[in-house]
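*Asks:* Sequence and predicted structure are below.
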Amino acid sequence: VIWRQYYWICVLISYMTIMEMLSYFLLGEFLFSYRSPEILGGIFPRVTPVFDEMSHQSFFIMPAAIVAYQQKRGQFFLLLAGVLLTFSVASIILFIPLFLYFNVKYIRLSAANILSLTLVFVFFLLVVFVSYDLIAGKIGSVIQQESLHGFNKPVSSVNILIGFDLIKYFNINNWLFGFGYFSNSEELGMILSESPLYDYYFTIGIFDDEIRSVGIVNLIISFGAVIMSFIAYLLFKGKKYAVDGMLYKLAIFIVAASMLKNSHTVDYFVHLFFIFGL
């Protein structure tokens, strides 16, 4: 029952996403989005009719799209559009590996399968082509950190850079026990003062508010490896209570993968829904 309710919502959001795209091209305005979406290459809008962030929509719909390939092939492409038309860099990078991992045993060398997979990869490549500058901009600052020196605007990957620096300078006690859920930003600021990017962090105001990194690093900061290991053990033991083992593993994959990018994933009920709902 929970899955059917969730799946119906994903289909609805995907229809709304396509309607939003058509509305932009035909009417020049958006029907649902409460803020003006970013336009890629001056042509394609990054739409998300319900969520505040594009990646949130992609991660929300992704499990439904992956399962639909096995069960409802006709709706799979609708849901695929709901995932990729947000042009979320995280979803672009993660979707194909997850799609293949969870569907490889359902792929047969038949004309229908070859055609559907060809369409998937063509659509995927078109999305990559349209969003190439966006992808390069987000990944580039992680690979070439020196390019940020003298730069006075925050980049969307700054939470990843903070994570790299925090982990680099953690001591063994930080690793094992963390700082507590209400972490001490002053102490984290002292750790980041060792970073070559300290001047950049200071310029863009990182220290003016609570210091946050990506979800996985936030968990280490809050709970440490000891508590995280206990959580992993409970998830492993909890598999026997799952109605569908594949969906349970898929939920964990999606949550863990999204926490590699999102800065405050641990706070989102969307991700908790997949683990505890399924």
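*Replies:* Cool, got the structure.

*Asks:* who are the neighbours in contact with Leu250?
*Replies:* 63, 66-67, 98, 102 (C-beta atoms under 8 Å, 6 or more residues apart in numbering). Placement of C-beta: from N, CA and C, glycine included.

*Asks:* which pair in those residues spans the largest distance?
*Replies:* Farthest apart among those by C-beta to C-beta are Val67 and Leu98. That separation is 11.3 Å.

*Asks:* quick revisit: the contacts of Leu250, buried ones only, as a PyMOL selection?
*Replies:* The buried residues among the contacts of Leu250 can be selected in PyMOL (16 or more other C-beta atoms under 10 Å) with this line:
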select buried, resi 63+66+67+98+102
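
*Asks:* downstream neighbour of the longest helix along the chain in the secondary structure list?
*Replies:* Ranked by residue count and defined by DSSP state H, the top helix of the chain is helix 2-27. Per DSSP states H and E, the first helix or strand lying C-terminal to helix 2-27 is strand 39-40.

*Asks:* Go through the host helix or strand of Leu94 and flag the buried ones.
*Replies:* According to DSSP H and E, Leu94 maps onto helix 89-103. Residues of helix 89-103 classed as buried by neighbour count (16+ other C-beta under 10 Å): 89-95, 98-99, 102.

*Asks:* any idea which of the contacts of Leu250 is the one closest to Ser36?
*Replies:* For the contacts of Leu250, the residue nearest Ser36 by C-beta to C-beta is Pro63; the value is 29.0 Å.

*Asks:* Closest one of the contacts of Leu250 to Gly189?
*Replies:* Nearest to Gly189 out of those is Leu98 (C-beta to C-beta; 35.6 Å).

*Asks:* Surely the closest one and Ala256 touch.
*Replies:* No - if you go by C-beta atoms under 8 Å, Leu98 and Ala256 don't touch, sitting 10.8 Å apart.

*Asks:* if we can go back for a sec, export the buried residues of helix 89-103 to JSON lines and tack on distance to Ser222 and pLDDT?
*Replies:* JSON lines is the format used below for the buried residues of helix 89-103 (distance: C-beta to C-beta, whole Å; pLDDT from 0 to 100):
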{"residue": "Val89", "distance to Ser222": "26", "pLDDT": "80"}
{"residue": "Ala90", "distance to Ser222": "22", "pLDDT": "77"}
{"residue": "Ser91", "distance to Ser222": "25", "pLDDT": "81"}
{"residue": "Ile92", "distance to Ser222": "29", "pLDDT": "82"}
{"residue": "Ile93", "distance to Ser222": "26", "pLDDT": "81"}
{"residue": "Leu94", "distance to Ser222": "24", "pLDDT": "81"}
{"residue": "Phe95", "distance to Ser222": "28", "pLDDT": "84"}
{"residue": "Leu98", "distance to Ser222": "26", "pLDDT": "82"}
{"residue": "Phe99", "distance to Ser222": "31", "pLDDT": "84"}
{"residue": "Phe102", "distance to Ser222": "30", "pLDDT": "79"}
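
*Asks:* can I get those in TSV with distance to Val158?
*Replies:* Formatted as TSV, the buried residues of helix 89-103 follow (distance: C-beta to C-beta, whole Å):
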residue	distance to Val158
Val89	14
Ala90	15
Ser91	19
Ile92	20
Ile93	18
Leu94	20
Phe95	24
Leu98	25
Phe99	29
Phe102	31
